[in-house]
Structure formats: C-alpha cells, structure tokens
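> Structure, please.
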Amino acid sequence: MPDPQPFLTLKKVAEHLRAVLEEKKYILIFAHNGTGKTRLSMEFKELGKREITSPLTTDEGDYLVAESGDRMVAVEVLRDTLYYNAFTEDLFIWNNDLDGDSARELQMNTASRFFNGLVELEMESRIKRLLRTYLDIDFTIDYENGTISFARTEKVINKNGNERWEEHDNIKISRGEESVFIWCFFLAIAQLAVDKQEAYDWVKYIYIDDPVSSLDDNHVVAIATHLAQLLKSQGNGRDQVKAVISTHHTLFFNVMSNELGKKRAIRYFLSRDRHTGEYLLQDITSDTPEFYHIAMLKDLHEVADSNEIYTYHFSILRSVLEKAATFHGFSHFGKLVKTEGDEDGILHYRLVQLLNHGNYSHFEPVLMVEENKEHFRNILRKFMEQFRYNEKIFPSANEEAQQ
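The predicted structure follows:
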C-alpha cells in the first residue's frame with residue numbers, strides 16, 4: 001500500500017475528503033474507535049455551511065436575525081451535508097414515564113432540520129416500509145407533540161393450546177431495535193435526498209459514521225447491502241448525492257467495499273500517530289490484499305467456532321481467499337482450495353463458487369444447513385493449516401494445526 005498522507009487536524013482531513021469527492025462518488029473509511037471518526041464527520045459537515053445575508057422580509061425558514069448597521073437582516077444558513085452519527089441518535093430521547101410507567105415515548109428534537117417535512121412527505125409510511133425488513137415492531141408518530149410510540153403484536157398460547165394475538169402498546173424497545181429504527185428513519189430521509197425531493201434538495205453529500213455499532217452481524221450485512229443499493233440507484237447523473245462512510249466494523253466495511261466496488265469508491269484507513277499527533281490517511285484501493293484481510297479471517301474463525309454460520313459467510317470467505325491468492329501470486333483463489341486428485345478440494349472449490357452468490361440478501365439472512373457448515377469449517381481449517389498466522393490472533397487454529 002502507498003505511504004499514508006499526514007494531516008495536522010481533522011479539518012484538513014475533511015478538506016481532503018471534499019477534494020477527493022470532486023472526482024470520486026464515494027469514500028469508505030476504516031478507523032478504530034477513538035481515532036476521531038465522529039469529529040471528522042462534524043468537521044466535514046461544518047465545511048459545507050455558509051451564510052447568506054439579505055434584508056429581513058420573513059421569519060420563516062432556517063434564518064438567524066442579526067443587526068447590520070441601522071437595519072435588521074436575515075442570515076440564511078445554507079448546508080450541503082446530511083449526516084448520520086452519534087449526534088443523530090441524540091436527536092431521539094426516551095421519555096420513560098417514570099410516574100405512570102406505561103406511556104413510554106421516544107421524543108424527537110423537532111428543532112433540527114433533520115425532521116423537515118415529516119407530515120408532508122409521509123415519513124411514517126416510508127419508514128415503516130424499511131423497518132419491516134428488519135424488525136417486527138410497529139410505531140406511531142405524534143407529529144404535533146414530536147413523539148414516537150412503539151407497539152408489538154405477539155402470539156400467545158393458552159393452557160388449552162388455543163392461539164391468540166396480543167397487542168402490546170407503548171413498549172420500550174431494546175437499544176439494538178432503537179438503533180435500527182433511527183437508521184430506518186435516516187435511510188428514508190436519505191432516499192428523499194437521493195430522489196431530490198424539495199425538502200432535501202440541499203443535500204450534496206451524505207456522511208455516515210458507524211451505523212451498526214449496536215447490531216448483530218445479520219443486521220450489519222442487511223444495512224450495508226441496503227445502503228449500497230440506495231447509493232447505486234442514483235445512476236451516473238452529474239447532480240447525484242455523494243457519500244462518505246466511516247466505520248470500525250470490519251464486516252460492514254467489507255460488505256460496503258464489495259458492494260460499491262473500486263470504480264465507485266476510494267477506501268482509506270484512518271489512524272493517528274501517537275508521537276506527532278498527526279492524522280494519517282492511508283489509501284487501500286490497490287490490488288494488494290487490504291489490511292482488513294486478517295480482521296475478516298478472525299471474524300470467520302470465530303463464526304466457525306460459534307456454529308452461527310450464515311449463508312453470506314461463504315461470500316466473505318471467498319473474499320478472503322481471493323485476497324490471499326493475490327498476495328501469493330495466484331491468478332485464482334481455487335489454487336488455495338483444490339489440488340489435482342483432491343476430491344474434497346474440488347468439492348470445496350465448487351461450493352465456494354456456488355454458495356457465495358446472492359447471499360447478502362437482507363430479506364433472508366439464514367443459517368447454513370449442517371452439511372454446508374461442516375464444508376465451511378473444513379475449507380477454513382485447511383486454509384489456516386496451509387498458511388501460518390499469528391498465534392495470539394488465532395490461538396485455537398494454531399493448536400489444531402499442531403495436533
């Protein structure tokens with residue numbers, strides 16, 4: 001990989017990202033927690049703000065009122081970035097009804113421009129179409145009071161074996177469910193921005209920072225795939241919305257990389273030099289194996305041990321095999337899996353080819369059948385035996401290889 005570019009401040013990094021987006025559609029950034037991803041998203045957003053001063057004629061819209069000499073003027077604050085980060089989640093605050101303990105609501109900070117056009121754009125129905133993809137909860141928005149209440153319908157079987165459905169209103173949803181709901185809220189707005197709806201036609205950039213922090217791997221793959229589909233649905237028009245996506249989650253980064261591809265997205269590794277304090281941005285768009293190869297292999301190893309092996313894990317396994325094959329000078333990953341006269345190797349090669357297609361589906365993330373789980377483990381085990389890795393990262397794999 002090329003040497004990293006040093007930047008003295010996150011503002012300088014944000015300026016660089018904006019310059020890159022003049023040529024590229026999307027930027028993917030991998031960075032560990034504590035590096036400054038959220039602060040970088042805010043610096044990027046601030047660079048897109050500008051003020052236009054005009055005589056005060058109305059008190060409507062996104063205006064600040066200020067004095068200019070002997071007259072009042074309106075200062076219109078223009079923006080170009082729709083962002084999702086920790087601050088976005090802070091726009092939603094729980095009122096847990098500590099007195100009555102029954103009417104639990106999620107309150108929206110409707111002063112934010114994020115909530116523009118809720119009623120006119122039928123946001124409730126837009127969000128519900130997305131939410132039902134991930135969760136079995138329902139919700140209602142009280143537009144006047146700026147609150148959201150949740151409900152869940154559950155099947156109940158009585159002592160006689162009879163079934164009925166019970167509706168539970170005003171429930172408190174889990175932190176993971178809340179994250180998925182807020183993400184769907186944002187995604188519905190992002191779709192409006194991509195479609196150039198009037199309320200969001202000011203959006204030139206979408207900046208997304210770690211939307212999957214509280215989620216399991218099924219939801220991670222679903223969210224990454226859905227987001228990539230939304231971005232790619234724009235086509236190649238000159239006025240398309242461009243995006244920056246940063247994360248510390250290796251699976252999310254890997255799926256987004258595969259879905260967007262190298263032609264659309266440039267990929268960076270963001271770190272900070274402990275001695276100089278400089279921020280380092282390393283380009284990882286070359287054909288050499290990306291730095292997250294080891295991280296993805298570690299994830300697959302843990303998945304194999306847990307027995308929670310889903311169909312899409314074959315796609316991730318193939319990606320790791322392809323990167324390893326490139327590193328070792330082979331033209332195809334099959335050279336790492338099969339050899340002449342090795343019937344198991346030929347079978348494994350066919351399985352990796354067949355089972356990795358179409359398995360990112362966010363509608364049907366399903367467990368592998370037991371037979372395919374065993375094939376998955378065998379392919380991974382043989383690969384780990386063939387290529388030695390750091391014992392501290394893969395202790396059990398190295399113990400198996402030594403037996």
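> Just the pLDDT at the nearest residue to residue 277 once chain neighbours are set aside, thanks.
Excluding the flanking residues, the one nearest residue 277 by Cβ to Cβ, 6 or more residues apart in numbering is residue 8, at 7.9 Å. Heads up, the C-betas are built off the backbone N, CA and C, glycines and all. You'll see residue 8 listed with a pLDDT of 94.
> ok, residue 8 - contacts?
277, 278, 279 (Cβ atoms under 8 Å, 6 or more residues apart in numbering).
> Please determine how far residue 330 is located from residue 113.
From residue 330 across to residue 113, the span is 52 Å (Cβ to Cβ, to the nearest Å).
> Sorry, wrong one. I was asking about residue 130.
21 Å.
> Break down the stretch 201-350 of the chain into its strands, ranges please.
Applying DSSP state E, counting those that start in this stretch to the stretch 201-350 of the chain gives strands spanning 205-209, 242-247, 265-272, 279-283.
> Out of the contacts of residue 8, who's the most crowded?
residue 279 (23 neighbours; other Cβ atoms under 10 Å).
> Who are the contact partners of the residue nearest to residue 104 when sequence neighbours are not counted?
Closest residue in space to residue 104, ignoring its immediate chain neighbours: residue 172 at 4.7 Å, by Cβ to Cβ, 6+ apart. Taking Cβ under 8 Å, 6+ apart, we find residue 172 in contact with 94, 96, 104, 150.
> Okay, and which of those residues map to strands?
Using DSSP state E, the subset of the contacts of residue 172 located in strands is 94, 150.
> Span of stretch 33-41 from start to end?
14 Å (Cα to Cα, to the nearest Å).
> Averaged pLDDT, that stretch. What do you get?
89.
> And that stretch, what's buried?
Within stretch 33-41, the residues that count as buried by 16 or more other Cβ atoms under 10 Å are 35, 36, 37, 38, 39, 40, 41.
> Spatially, which two of these are the most separated?
For the buried residues of stretch 33-41, the farthest-apart pair by Cβ to Cβ is 35 and 41; their separation is 12.0 Å.
> Roughly how far does residue 210 sit from residue 31?
9 Å.
> so what sits against both of those two?
The contact lists of residue 210 and residue 31 share 37, 246, 247, 248, where a contact means Cβ under 8 Å, 6+ apart.
> domain ranges for this protein?
8-54+78-85+189-283, 89-186, 293-402 (automatic domain parsing).
> Point out the most buried one among those.
Most buried of those, by mean neighbour count (mean count of other Cβ atoms under 10 Å): domain 8-54+78-85+189-283, with a mean of 18.
> How far off centre is it?
Distance of domain 8-54+78-85+189-283 from the chain centroid (Cα atoms, centre = their mean, to the nearest Å) equals 10 Å.
> how long is that domain from one end to the other?
Terminal-residue distance, domain 8-54+78-85+189-283 (Cα to Cα): 17 Å.
> Could you tell me the angle between the biggest helix by length in the chain and strand 205-209?
Determined from DSSP state H, the single longest helix within the chain is helix 175-194. Helix 175-194 and strand 205-209 are oriented at 170 degrees to each other (axes from the mean of the first three to the mean of the last three Cα atoms, to 10 degrees).
> Check which helices and strands helix 175-194 sits against.
Helices and strands touching helix 175-194, by 3 or more Cβ pairs under 8 Å, 6 or more residues apart in numbering; DSSP states H and E, are strand 81-84, helix 86-89, helix 123-134, strand 137-142, helix 217-232.
> Can I get these in CSV including mean pLDDT and distance to residue 205?
Formatted as CSV, these follow (pLDDT from 0 to 100; distance: least, Cβ to Cβ, whole Å):
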stretch, mean pLDDT, distance to residue 205
strand 81-84, 92, 5
helix 86-89, 86, 15
helix 123-134, 87, 21
strand 137-142, 91, 27
helix 217-232, 83, 12
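> Residue 256 is nearest to which of these?
Taking Cβ to Cβ, helix 217-232 is the member of the helices and strands packed on helix 175-194 nearest to residue 256, at 5.1 Å.
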